[in-house]
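S.K.: next one to model:
(one chain, ligands or ions: 1)
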Amino acid sequence: MIETSDLRNTRMPLNHGAGQMPALGFGTLIPEAAATICATRDALEAGFRHFDCAERYQNEREVGEALQAGLATGGIAREDIFVTTKVWNSNHRPERVEPAFEASLDRLRLNYLDLYLIHTPFAFRPGDEHDPRDTEGNVVYDRGVTLLETWRAMESLVDGGRCRAIGLSDITLNRLLPIYESARIKPAVVQVEGHPYLPETELLEFCKEKDIVFLAFAPLGHGIRPGPLDDPVISAIAARVGKTPAQVLLAWAVQRGTALLTTPRTAARARENLDVSVLPEDAFDEINRIQTRHRFNEVVKTGSPGFIPQGR
Ligand SMILES: NC(=O)c1ccc[n+]([C@@H]2O[C@H](COP(=O)([O-])OP(=O)(O)OC[C@H]3O[C@@H](n4cnc5c(N)ncnc54)[C@H](OP(=O)(O)O)[C@@H]3O)[C@@H](O)[C@H]2O)c1
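M.R.: Take a look at the predicted model:
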């Protein structure tokens, strides 16, 4: 367990000498453009220094605008923030990876990325259509490219010097293993759903053993209720330690050695989600003993985003 009482500044070292990732990350999966700008600006102002983006979210321009303005106003250096984005399923062909990376950089107004992820291990029909469907409405997959071929193109981006680290998202341990074994540059980060109802313990153990950062999305169960936010064990601990259920869930995630992403939409929520302190050991153990199991996001099974944010 981590010893410091304040978890806000916890940083996770990345393999391959790629620096450190702030454990508490802000996710930009926000459907509306104006809300993206406000929430990103508020998150930066509140103190978030880790921003998770994706070409699939179709709001990299707004995130870029908010970051550029926020860095200038706050006197914050580019090196002080950690920015991730992800290559989408329709860009898995090796020749499409670098153009996709460059286009994301351009939209984000950045000249390097801290982390680039393969958004899902599923390749869709190559092209500019994010969600290619056949006449029956089924996703059109691309059988002409392997995940390892896409990974090789990701490795070339690191060689090029404008991408500091690479990783995978929405991946199972079974699919991660062959990539890990064949990779010249090992994955630095794996981003998957993670919370007390889906602890992914086996994957987490593998990541710890191999110096891969386990980056949990949906640490609050996507805010869906019933869910971890209103679990009776979490509520009771929150009352006992004088924190909110969200803060308890975020503390648990960091204490078990993962980084995490949340999407606070207001300045008050951003401050709340950063104000995270170590839980007493008995509370930590109690959360580990929760037996409920539930996956909120099916993206890991099909590559199709299984979750549309509330309010879309
Ligand atoms: N790799 C992938 O496939 C994938 C999939 C999904 C998400 N992600 C990433 O992960 C990020 C995190 O998203 P998430 O949905 O997983 O995050 P989450 O934090 O588990 O859920 C977000 C929801 O929680 C609510 N919330 C936030 N802070 C709260 C608090 N302090 N108390 C109560 N409710 C709170 C929000 O409500 P309000 O809107 O009312 O504030 C929102 O509805 C995304 O933005 C994205 O970057 C990645």
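
S.K.: which residues of the stretch 151-300 of the chain score low on pLDDT?
M.R.: Under the criterion of pLDDT under 70, none of the stretch 151-300 of the chain is flagged as low confidence.

S.K.: got the residues of it near the ligand?
M.R.: Residues of the stretch 151-300 of the chain lying near the ligand by Cβ under 6 Å from any ligand atom: 169-170, 191, 217-223, 229, 244, 246, 261-265, 269, 272-273, 297, 299. Yep, even glycine has a C-beta here, placed from its N, CA and C like the rest.

S.K.: out of these, which are inside helices?
M.R.: Of those, the ones assigned to helices by DSSP state H are Ala246, Arg269, Glu272, Asn273, Val299.

S.K.: highest neighbour count among the residues you listed?
M.R.: Neighbour counts for those were taken using other Cβ atoms under 10 Å; the highest belongs to Asn273, which has 25 neighbours.

S.K.: part of a helix, is Leu204?
M.R.: Yes. Judged by DSSP: H, G, I helix; E, B strand; the rest coil, Leu204 forms part of a helix.

S.K.: is it true that it touches Ala253?
M.R.: No. With contact defined as Cβ atoms under 8 Å, Leu204 does not reach Ala253; the gap is 10.4 Å.

S.K.: need the residues touching each of those two.
M.R.: Common neighbours of Leu204 and Ala253 (criterion: Cβ atoms under 8 Å, 6 or more residues apart in numbering): Gly194.

S.K.: those two: who's more crowded?
M.R.: When neighbours are counted by other Cβ under 10 Å, Leu204 and Ala253 differ, and Ala253 comes out ahead with 28 against 20.

S.K.: contacts only, for that one.
M.R.: Taking Cβ under 8 Å, 6+ apart as the contact definition, Ala253 lies against Gly194, His195, Ala216, Pro219, Leu260.

S.K.: so where do the strands sit in the protein?
M.R.: With DSSP state E as the definition, the chain shows strands at residue ranges 11-13, 20-22, 24-27, 50-52, 82-87, 115-118, 166-169, 189-193, 213-217, 259-262.

S.K.: switch those over to a markdown table; also include mean neighbour count.
M.R.: A markdown table is the format used below for those (neighbours: other Cβ atoms under 10 Å):
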| stretch | mean neighbour count |
| --- | --- |
| strand 11-13 | 16 |
| strand 20-22 | 20 |
| strand 24-27 | 26 |
| strand 50-52 | 25 |
| strand 82-87 | 26 |
| strand 115-118 | 27 |
| strand 166-169 | 25 |
| strand 189-193 | 26 |
| strand 213-217 | 26 |
| strand 259-262 | 25 |
